[in-house]
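Enquirer: Below is the sequence, then the predicted model.
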Amino acid sequence: MKCQESARLLPGYFDSELDLLHTLEIEDHLSTCASCAAELESDRVLRAAILRSNLRYSAPPTVVRNVRAAVANAFPREARTRRWTWEWSFAAAALLLCAVLTWKLFPVSTPTASAMLAKEAIADHIRALMPGHLSDVESTDQHTVKPWFDGKLDFAPPVENFSAQGFPLIGGRLDYLANHPAAALVYQRRKHFISVFLIPATGEPDRSESSTTERGYNEISWTRGSMNYWLVSDLGPSELEELAKLLRGEH
């Protein structure tokens, strides 16, 4: 994929609107093109800033009435009568333009930060399914996988093997989530792979479990014990929940 095609697809990729084939193609390009990756990161920073800025504003009824009155009194009555047709056309065009700009900048269902991170985790998991991307260290031994992260992250991720419960650990990799280096543990359930992303939740309160489904992939996330967890897989929700409970020590 060339940068010109990447630039055309980046908006759709950012909003998770691409099909799986184009998603994999553009993520493969982003892994080797610093320029396009920087453009994507710039879009993410802008979207986050807009979400935090609380720019949405509705004028009070008194302001609306005053503006309408000022427009109505701007021309003599005779002139308004003669030119009502083009005035209404201009007003309709202006309203349409405002609607388009509002839709572009402030979608009706603006995604929350949690929803955006869920999309990002799902996209990271899909990228990892490309050949050679699933694991940086391949091992079923937690005492091999856990030390592998030493010196590569600024935190020590908890690593456990749940082979006896049907979720064997098969490796781990470095990833990037929520603008932070992340540990990604890889588990397997029959022929399904599961990515478990972990990053510190320093200063954040515990957060109860939330879940979503997108592009055929299920995601479960929560915060506990100063650690954020995201689980992503095409495994069914009920079985993915089993692993979530194991990670929380609820079995």
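Expert: Perfect, I can see it now.

Enquirer: can we go C-alpha only for contacts and neighbour counts from here?
Expert: Fine.

Enquirer: Just say helix, strand or coil for residue 196.
Expert: With DSSP: H, G, I helix; E, B strand; the rest coil as the basis, residue 196 sits in strand.

Enquirer: Run a quick check on it versus residue 184, I expect a contact.
Expert: Yes. The pair residue 196 / residue 184 is scored as a contact, 5.3 Å apart, by CA atoms under 8 Å.

Enquirer: Neighbour count for these two, which is higher?
Expert: Taking neighbours as other CA atoms under 10 Å, residue 196 and residue 184 compare with residue 184 leading, 29 against 25.

Enquirer: secondary structure class for that one?
Expert: Taking three-state DSSP, the label given to residue 184 is strand.

Enquirer: List the residues that contact it.
Expert: Residues counted as contacts of residue 184 (CA atoms under 8 Å, 6 or more residues apart in numbering) are 172, 173, 174, 175, 195, 196, 197, 198.

Enquirer: Apply 6 Å and report the result again.
Expert: If a contact means CA atoms under 6 Å, 6 or more residues apart in numbering, then residue 184 has 172, 173, 196, 197 as its contacts.

Enquirer: of these, closest to residue 153?
Expert: When the contacts of residue 184 are ranked by distance to residue 153 (CA to CA), residue 173 comes first, at 11.0 Å.

Enquirer: so what's the closest one up against?
Expert: Neighbouring residues of residue 173 by CA under 6 Å, 6+ apart: 135, 136, 184.

Enquirer: Could I get the phi/psi values of the first one?
Expert: Meaning residue 135. phi -140, psi 140 (degrees, to the nearest 10).

Enquirer: Could you shift the numbering so residue one becomes 299, and keep it that way?
Expert: Okay, using 299 as the starting number, the last item reads as residue 433.

Enquirer: Closest to residue 320 out of the contacts of residue 471?
Expert: residue 433 (22.3 Å).

Enquirer: so the closest one sits right up against residue 473, yeah?
Expert: No. With contact defined as CA atoms under 6 Å, residue 433 does not reach residue 473; the gap is 10.1 Å.

Enquirer: Give the burial count for residue 483, as a bare number.
Expert: The local packing of residue 483 (other CA under 10 Å) involves 27 other residues.

Enquirer: residues contacting the nearest residue in space to it that is not next to it in sequence?
Expert: Spatial nearest neighbour of residue 483, chain neighbours left out: residue 470 (4.3 Å); criterion: CA to CA, 6 or more residues apart in numbering. Residues in contact with residue 470, defined by CA under 6 Å, 6+ apart, are 433, 434, 435, 482, 483, 484.

Enquirer: 7 Å - rerun?
Expert: 433, 434, 435, 436, 443, 482, 483, 484 (CA atoms under 7 Å, 6 or more residues apart in numbering).

Enquirer: now, the most widely separated pair of those residues?
Expert: Among these, the pair separated by the greatest distance (CA to CA) is 436 and 482, at 12.1 Å.

Enquirer: quick revisit: I'd like the mean pLDDT over the host helix or strand of the residue nearest to residue 483, please.
Expert: Using DSSP states H and E, residue 470 falls within strand 467-475. Taken as a whole, strand 467-475 carries a mean pLDDT of 94.

Enquirer: One more: stretch 316-328?
Expert: So the average pLDDT for stretch 316-328 ends up being 80.

Enquirer: ok so residue 422 is a helix residue?
Expert: Yes. Looking at residue 422 with three-state DSSP, it is inside a helix.

Enquirer: what about it, distance to residue 416?
Expert: Relative to residue 416, residue 422 is positioned 10 Å away (CA to CA, to the nearest Å).

Enquirer: Please enumerate the strands of the stretch 399-548 of the chain.
Expert: Here the stretch 399-548 of the chain has its strands, by DSSP state E, counting those that start in this stretch, at 435-436, 467-475, 478-487, 490-498, 505-512, 515-522, 525-531.
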